[in-house]
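J.: predicted model, plus sequence, below.
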Amino acid sequence: MILFIRRRPAARLTVFLLLVAALQVSSAGENNPIDTEPVWRRALGGQIDAFAAQGPGGDVYIVADDRALHSLDPLSGTSNWIYRPGGRLRNLLMVAADGTIYVQNDRQELFAVTPGGTGRWKLHMRTEPAALPAAAPDGRVILPLMGGRIVCISRHGVILWSLDKNAEASAAPVVTADGLAWIPLSDGRIIALDFWGEEIFHVSMRSAVSVLVLDGSGRIWAGGFDGRVSVFPAAGDEDAALGILDQEFEVRPASSRVAAILTDSEGGGQVFLADGSSVSYDPEGHEIGREHIAVSGGAPSASADGTIFVPASDGSIRIVYPDADPGTESGELRGRSVLAEPLLTDEGILIAGGGDWILYAWDVGVPGSGWRQFRGGPRRSGTFPSVPVITDRREARRDAGFFYRERMAVSDDLSERMALLEELESYPDDLAMRRELPWVDLILEDLVSVGTIRFVNQQNEAIQSHPTARASAYLLMARGEDFRSRGLILECLRHENDPVALAAGFRALGYIGSDWDGASMRIIARRYRNFTPADEHLTLETARAMADLVRYNGDLSDAAGFSLMDDLLNSSLSHRAREEVIAVIRNVAGL
């Protein structure tokens, strides 16, 4: 592996601000014509009949008929890297919230690819997929397989659970902010599976579901092969306890198959049907508009100002402007051949591949907002990015077990904190711990924050800082499935003043791995320099953490990594420690 840094042009921020300004101007009601001339074209090594996806770091990914996954810059079309995992790749591309790219081939293999273009792991699934996968906000992958099997895979390539149903998935699943996976089955049921793969309830449709989407309120929109659309509320604990979920409304705009549904951040939706009908509904299910928009070449995409980009049967992408007068000519985007399903990027660039081996890009001015394209947003992951859903502390205190452990977590007696950590470390894995202690995130938060970002208790009394306990707690947090715990660790490490705890925090960031924005690499480089001259333990753990980050992300996620390598090499070390640091850096650099 040759070391490089993913390009994150500073111009992207400027472009985004201009897009926001454009959105504000367009809200006045004027339809500003889109320039139909592509801003760039990129020739790939084969026909492009697949949809593209965009990672959280901004890079765009596309599978071509050259058995390769391509990474490109969305603003220029410049190639970042090309990865060939083996076999012919299927049109089953998805990017998870942690930046991992998932592709599948014709050998029944699932690949996890790093943002830097290296393979992280692969799994042989032993059967074909029944539908596209979904990625939970915490990084888990939900994959429906032929034969009715549903598999949950960790971002590290470990199968967390699987279950067999007597019907296969009829459409791709979605995952809500609290991690609940909704999976439509061919017998008309939609089952809801919790974090452990247990079915907590199901709803029944009159026919199998052809499209399943979320809206900005977390509600589920289910479109059927019979043209019906049912909307279900976001499930709560009370619904789960009862095992039921009543629909909020049902409509049947036509009797043909629901081909696509786009929802907005306010909870409204636009339904596209196979007969060419397109019907818009407000959040209560009242029809507010109807027009003819034939969806022939894949699902449409829509920008935040209401402009819709529809793959047409003639190979073009039709532009439908919002609030256009009846009979008004719509624009169209064309390549030299039939265009595939378009991607609308975070920068407002519309990207679509063609049968002529060319990837085309147009500047359409405004990105989407909400579930505005196939599989939601540009990640194609079947979910919305979200922060972790933490149990309310006041509710948790109703559990005597939590109340007791909360007192241990902030006790001035180090032995109590260490006894608590010993208990938490005794669980065989993260799933078992969370099943037994559903509020454990609050306990871990207390353990790492006392002495870094928290110094008093509820009575405003000073709490004793115990860095030994924090060191163990950092590593315990990293054992979890949810990569979003990185946010709290980063915040604590900004204020961590103990070298042993700091070293453990660095390793925790390495174990978590995800660093698409470079924040972990930057905090490690900055805080290590704050402790210069560092002791040998901190230096070695810093080098190991850097190696873990590079391994997970495929490259140095930030330029701060270069200065960190220089600082590590200039550290005062024993001969044995220096040899290990040199070996780590040589491995990181691919030498």
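T.: Cool, the structure landed.
J.: going by C-alpha atoms from here, please, whenever you check contacts or count neighbours.
T.: OK.
J.: residue contacts, the residue nearest the centre of the chain?
T.: Nearest to the geometric centre of the chain sits A97, at 2.0 Å (Cα atoms, centre = their mean). A97 sits next to 55-56, 135-139, 379, 385 when contact means Cα atoms under 8 Å, 6 or more residues apart in numbering.
J.: surely W221 forms part of a helix?
T.: No: counting by DSSP: H, G, I helix; E, B strand; the rest coil, W221 falls outside a helix, being strand.
J.: what's opposite it in the beta bridge?
T.: As for beta bridges, W221 partners with V213, V231 under DSSP bridges.
J.: start the count at 41, not 1, going forward
T.: Shifting the count to begin at 41 puts that one at W261.
J.: report the separation between it and R415.
T.: 12 Å (Cα to Cα, to the nearest Å).
J.: return every residue with contacts to both of these two.
T.: Jointly contacting W261 and R415 under the rule Cα under 8 Å, 6+ apart are V253.
J.: who's more crowded, these two?
T.: More crowded of W261 and R415, by other Cα atoms under 10 Å: R415, with 28 against 24.
J.: excluding covalently adjacent residues, which one is nearest to G316?
T.: Excluding its sequence neighbours, the residue lying closest to G316 (Cα to Cα, 6 or more residues apart in numbering) is A334, at 3.8 Å.
J.: tell me the secondary structure at that neighbour.
T.: The three-state assignment at A334 reads coil, by three-state DSSP.
J.: next, the buried residues of stretch 501-515.
T.: Neighbour counts over stretch 501-515 (16 or more other Cα atoms under 10 Å) mark 505-507, 509-515 as buried.
J.: contacts for it, please.
T.: Contact partners of stretch 501-515, identified using Cα under 8 Å, 6+ apart, comprise 450-452, 454, 457-458, 461, 484, 487-491, 495-497, 529, 538, 540-545, 547-548.
J.: what's the answer for stretch 111-130, then?
T.: By Cα under 8 Å, 6+ apart, the surrounding residues in contact with stretch 111-130 are 46-47, 52, 79-82, 98-110, 143-147, 151, 156-159, 385, 387, 389, 401.
J.: inside strands: which ones of those?
T.: Using DSSP state E, the members of the contacts of stretch 111-130 that fall in strands are 80-82, 100-104, 108-110, 143-144, 151, 159, 389, 401.
J.: out of those, which end up buried?
T.: Buried subset of these (neighbour count, 16+ other Cα under 10 Å): 80-81, 100-104, 108-110, 143-144, 151, 159, 389, 401.
J.: just give me the least confident of those residues.
T.: Among those, A104 carries the lowest pLDDT, at 89.
J.: gap between T140 and G594?
T.: With distances taken as Cα to Cα, T140 is found 10 Å from G594.
J.: any shared contact partners between these two?
T.: Common neighbours of T140 and G594, counting by Cα under 8 Å, 6+ apart, are 154-155.
J.: scan this structure for its longest helix.
T.: Using DSSP state H, we find that the single longest helix of the chain is helix 576-593.
J.: any idea of the angle the helix or strand following that one forms with helix 576-593?
T.: Toward the C-terminus, helix 576-593 is succeeded by helix 600-609 as the next helix or strand (DSSP states H and E). Comparing the axes of helix 600-609 and helix 576-593 via axes from the mean of the first three to the mean of the last three Cα atoms, to 10 degrees yields an angle of 150 degrees.
J.: which other residues reach helix 600-609?
T.: Helix 600-609 has contacts (Cα under 8 Å, 6+ apart) with 561-562, 565, 569, 579, 583, 586, 618, 621-622, 625.
J.: which among the residues you listed gets closest to N610?
T.: R618 (9.5 Å; Cα to Cα).
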